[in-house]
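# attaching a predicted model along with its sequence, questions to come.
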Amino acid sequence: MMTAIADHDSIRAVQWCGDCLRLLDQRRLPAEESWLECRSAQHVRDAIADLVVRGAPAIGIAAAWGVVLAAQAGEDMPSVLRDLRAARPTAVNLMWALDRMGTCIEAGADVQALTREAQAIQDEDMAANHRMGKLGSALIDRSSGVLTHCNTGSLATSGFGTALGVIRAGVAAGRIERVFAGETRPWLQGARLTMWELVRDGIPAKLIADSAAAHLMRGGQVQWVIIGADRIAANGDVANKIGSYALAIAARHHGVKFMVVAPSTTVDMATARGEDIEIELRDPKELLAIAGVRTVVDGASAWNPVFDVTPASLIDAIVTECGVIERPDTEGMRAMFPAP
Ligand SMILES: CSC[C@H]1O[C@H](OP(=O)(O)O)[C@H](O)[C@@H]1O
C-alpha cells in the first residue's frame, strides 16, 4: 500500500506578493530551492522564456501577474501583452490568460480589478486541478501502475497538478500502487522536478530513462500512461512535451491506456488539428550539455523541438475539469466545449 498524503498543496511555485511575483527557480531544482523576484512584466516574460517558471498553466498564471505589474507601473499595455504573449509559442494557457486580462483592460479595469482577475485565474486553476484529480483517478482500477512524463505537478500549475494531480489522487484513493516517471530529456523535468515533488509527498516512485518506457510497458507493470498537455486542438490532438507521441505509440502497442489531463484553459477549439500547433524549437545547446557540462563533441549540432503532437486516435481519455472525453474526436470535443 503506497503512502497516501493528505495535503499536496504545500508547493506554491508562483507567489504574488502585492508588488512583485516570486517564482521558484525551476532551473535549479532539485539541487537548490531558490526564488526569483519579478518586479516588472519584462522580468516575468524573461522568466517564462528561460523556464524559471514552466508548465502550461503556471506560465499563464505568471503572465497574468506580469500584466498586473505592468499596470502598477503604468506601462503601455498593448506592447506588454504582445511581449508576454511571445515568451513561448506552444502552451495556449499563456495566450488564454493574456486574452482574459486584455479583455479586462479593454473594459477599463484598474490595478485592483486586474489584481482580482489574476488571483481568480490562479484560484480557478487550483480548483480545476482537484476536480481533475477526482475525475481522472476514478478511471483507474485498483492495484494499477502508471507512467508519467515531464512535470505536471504543483510546479507546473497553481498547485496539486494536472496529470500528477490524478496520480496524487489515485495514490490517496488506493487505486495506484506503482508510479514511474520518465526522466524527460533534454530538460529533465521528470528527473529533476516530478521526482522532487513525489519524494516530498512521500509517494514512492521509480525514475526511468525515457528509452526504457516501452520495455516497462511490455513487462505489464503499467496500466496507464498519464500526461499533461500544452494545447489540445479541436479534434482532440494533443501537443505536449517531446516524447509524449512515442509513449502513445508504445502504449497502444502494449495495450496500456493513455490519459491526457489538462484544464479547459489548455483546450484551443480555434485550432482545428494538431498539425496546426506551433512546436517550440529551443536552443540546441540544451541537448549538447547536461548541467552545463558539454556531452557532445565540439562542432556537433542538434535539433531541439520540445513538444510533439499525439493524435487523438492514440488517446483513451482526455480529463478536464469540465468532464472526461473518452476516445476523443472532433464530435466529443465539440460536445464538451460548444462554440460560444
Ligand atoms: C501541467 S504542465 C503541462 C505541460 O507543460 C510542460 O512543458 P514545459 O515544461 O516545457 O513548460 C509539459 O509539456 C507539461 O506536460
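Sure thing, it's come through.

# got the contact list for residue 319?
Each residue near residue 319 by Cβ atoms under 8 Å, 6 or more residues apart in numbering is listed here: 132, 135, 136, 139, 166, 259, 260, 261, 262. Every C-beta, even on glycine, is put in place using the N, C-alpha and C of the backbone.

# so which residues on the chain come close to the ligand?
Neighbours of the ligand within the chain, by Cβ under 6 Å from any ligand atom: 54-57, 150, 152, 156-157, 162, 189, 227-228, 230, 240-241, 306.

# what about 5 Å?
Contacts of the chain with the ligand, taken as Cβ under 5 Å from any ligand atom, map to 54, 55, 56, 150, 152, 156, 162, 189, 228, 230, 240, 241.

# any chance of these in TSV, plus pLDDT, neighbour count and secondary structure?
Below are the residues of the chain next to the ligand laid out as TSV (pLDDT from 0 to 100; neighbours: other Cβ atoms under 10 Å; DSSP: H, G, I helix; E, B strand; the rest coil):
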residue	pLDDT	neighbour count	secondary structure
54	98	25	coil
55	98	30	coil
56	98	28	helix
150	98	30	coil
152	98	33	coil
156	98	29	helix
162	98	32	coil
189	98	28	helix
228	98	31	coil
230	98	29	coil
240	98	29	strand
241	98	25	strand
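
# excluding its backbone neighbours, what's nearest residue 136?
Among residues not flanking residue 136 along the chain, residue 166 sits closest, at 3.3 Å (Cβ to Cβ, 6 or more residues apart in numbering).

# residue 296 in helix, strand or coil?
Three-state assignment for residue 296 (DSSP: H, G, I helix; E, B strand; the rest coil): coil.

# once you drop chain neighbours, what's closest to it?
Once flanking residues are discounted, residue 296 sits nearest to residue 288: 4.6 Å by Cβ to Cβ, 6+ apart.

# any idea which helix or strand in the chain has the lowest mean pLDDT?
When each helix and strand of the chain is scored by mean pLDDT, DSSP states H and E, strand 289-290 comes last, with a mean of 92.

# residue 51: neighbouring residues, count only.
Other residues within reach of residue 51, judged by other Cβ atoms under 10 Å, total 18.

# how many neighbours does residue 18 have?
Residue 18 has 8 neighbours, counted by other Cβ under 10 Å.

# where along the chain do the helices fall?
Assigned by DSSP state H, the helices in the chain fall at 41-49, 56-72, 77-85, 92-106, 111-137, 163-172, 195-201, 213-218, 244-253, 285-288, 330-336.

# in a markdown table: those helices, plus distance to residue 271.
Listed next are the helices of the chain as a markdown table, based on distance: least, Cβ to Cβ, whole Å:
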| stretch | distance to residue 271 |
| --- | --- |
| helix 41-49 | 20 |
| helix 56-72 | 14 |
| helix 77-85 | 15 |
| helix 92-106 | 8 |
| helix 111-137 | 20 |
| helix 163-172 | 21 |
| helix 195-201 | 30 |
| helix 213-218 | 27 |
| helix 244-253 | 17 |
| helix 285-288 | 26 |
| helix 330-336 | 11 |
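
# to residue 235, which of the ones you listed lies closest?
Residue 235 sits nearest to helix 330-336 of all these, at 4.5 Å, using Cβ to Cβ.

# what sits against residue 25?
Counting by Cβ under 8 Å, 6+ apart, residue 25 has contacts 34, 35, 36, 52.

# if we go to 10 Å?
13, 32, 33, 34, 35, 36, 47, 50, 51, 52, 53 (Cβ atoms under 10 Å, 6 or more residues apart in numbering).
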